[in-house]
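quick one, what's the 3D model for this:
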Amino acid sequence: MSVPARALIAEDEPLLRQALEQALARAWPQLEIVASVGDGLSAVREALALQPDVLFFDIRMPGQSGLEAAAELADAWPDTDTGGPPFPALVLVTAYDQYAVQAFEAQAMDYVLKPVQPQRLQITVQRLQRLLAQRAASRNAAAPQDMERTLAQLRQLLQ
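So this is what the prediction gives:
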């Protein structure tokens, strides 16, 4: 099942960002990378403007971490009750495995360690494609209470 989608990548290391883009192009040719940025503040700004389906956020970035950016984005995301798009699926990408628990507590769809391994990325892509297909089929991606729960968990992690 190959689902077309739009993604935003936030990774502060240019070579790793480029490697992730290339790995995603191989694993998911229908995925359109709508923006690729180097910090959390830019990630929030671009995600709000472009409203992608998927976010690939590095956890440790200058200025604002991936978790902080996700929390800010969740706060500012348009309300699905008033016709806004569903909140993007979040994949946290990092070289530090100690963040795995935090990633899942933050309702991340997945957690990928750097350097990204093709087999592991393929598993992530399959999970994302299943989620996006379910969203398309139901036309109701995330109930408001799900978004509130996600937002509360992101805020708790940041404290």
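
please count neighbours and contacts with C-alpha atoms only from this point.
Fine.

which parts of the protein are helices?
Chain-ordered helices for the chain, with DSSP state H as the definition, fall at 14-27, 40-50, 66-76, 100-105, 118-138, 144-158.

just checking, what packs against the fifth one?
Read that as helix 118-138. Counting contacts by 3 or more C-alpha pairs under 8 Å, 6 or more residues apart in numbering; DSSP states H and E, helix 118-138 packs against helix 14-27, strand 110-113.

buried residues in it?
By 16 or more other C-alpha atoms under 10 Å, the buried positions in helix 118-138 come out as 121, 122, 124, 125, 126, 128, 129, 131, 132, 133.

nearest to residue 12 among the residues you listed?
For residue 12, the closest of these turns out to be residue 121, at 19.2 Å, with distances computed as C-alpha to C-alpha.

quick one, what contacts that closest one?
Contacts for residue 121 were tallied using C-alpha atoms under 8 Å, 6 or more residues apart in numbering; they are 23, 24, 27, 112.

ok, the last one to residue 88 distance?
This points to residue 112. 17 Å (C-alpha to C-alpha, to the nearest Å).

ok, the second one next?
According to C-alpha to C-alpha, residue 24 stands 17 Å off from residue 88.

who's more crowded, those two?
For residue 24 and residue 88, the more surrounded residue by other C-alpha atoms under 10 Å is residue 88, and the numbers stand at 25 against 21.

looking at it, residue 124 is touching residue 110, isn't it?
Yes. The pair residue 124 and residue 110 passes the contact test of C-alpha atoms under 8 Å, sitting 6.4 Å apart.

so how far is residue 126 from the closest residue to residue 48 other than its chain neighbours?
In space, not counting the residues next to it along the chain, residue 48 is nearest to residue 77; the distance is 6.8 Å by C-alpha to C-alpha, 6 or more residues apart in numbering. Applying C-alpha to C-alpha, the value for residue 77 to residue 126 is 25 Å.
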